[in-house]
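Chemist: I'd like to go over a predicted model; first the sequence, then the structure.
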Amino acid sequence: MQTGETLKDWMAATLDAALKPSHLDVIDESHLHAGHAGWRESGETHFRLDLVSAAFDGKSRVERHRMVNAILDPAFKRGLHALAVRARTPSEAA
């Protein structure tokens, strides 16, 4: 991540470069987890992803989640605590 770049922006750019999604929503839900494990007052600890990519064709739900988690591994190492993922193929999103 670059100085001043939010985790949300880094995640969006990283997923865009790696998966070329036709749809991508990166939603910071940290405020919904105030006081829970992993939460920090500064936020950017809990995110929800909704993405559609041809890269998921032929992959199981578990394989898709593993792909996303591997791509975002640096974010987990920098404080990302929880990630909810909805990963679909273009035909599933139609």
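Modeler: Structure received.
Chemist: for stretch 49-59, the distance to its chain's centre please.
Modeler: Here stretch 49-59 is found 12 Å from its chain centre; the criterion is CA atoms, centre = their mean, to the nearest Å.
Chemist: and the nearest residue to residue 82 once chain neighbours are set aside, how far is that from residue 30?
Modeler: If the residues on either side of it in the chain are set aside, residue 82 comes closest to residue 46, at 4.5 Å by CB to CB, 6 or more residues apart in numbering. The way it works is simple: take the backbone N, C-alpha and C, and place the C-beta from them, glycine included. Separation of residue 46 from residue 30 (CB to CB, to the nearest Å): 5 Å.
Chemist: sec struct for the most centrally placed residue in the chain, please.
Modeler: The centroid of the chain falls nearest to residue 49 when counting by CA atoms, centre = their mean (4.7 Å). Classification of residue 49 by DSSP: H, G, I helix; E, B strand; the rest coil places it in strand.
Chemist: Angles on the backbone of the residue nearest to it when sequence neighbours are not counted, please.
Modeler: Among residues not flanking residue 49 along the chain, residue 85 sits closest, at 4.9 Å (CB to CB, 6+ apart). Main-chain dihedrals, residue 85, degrees, to the nearest 10: phi -130, psi 130.
Chemist: Residue 85 touches residue 65, doesn't it?
Modeler: Yes - Residue 85 lies in contact with residue 65 (CB atoms under 8 Å); the separation is 5.3 Å.
Chemist: Okay then, goodbye and thanks.
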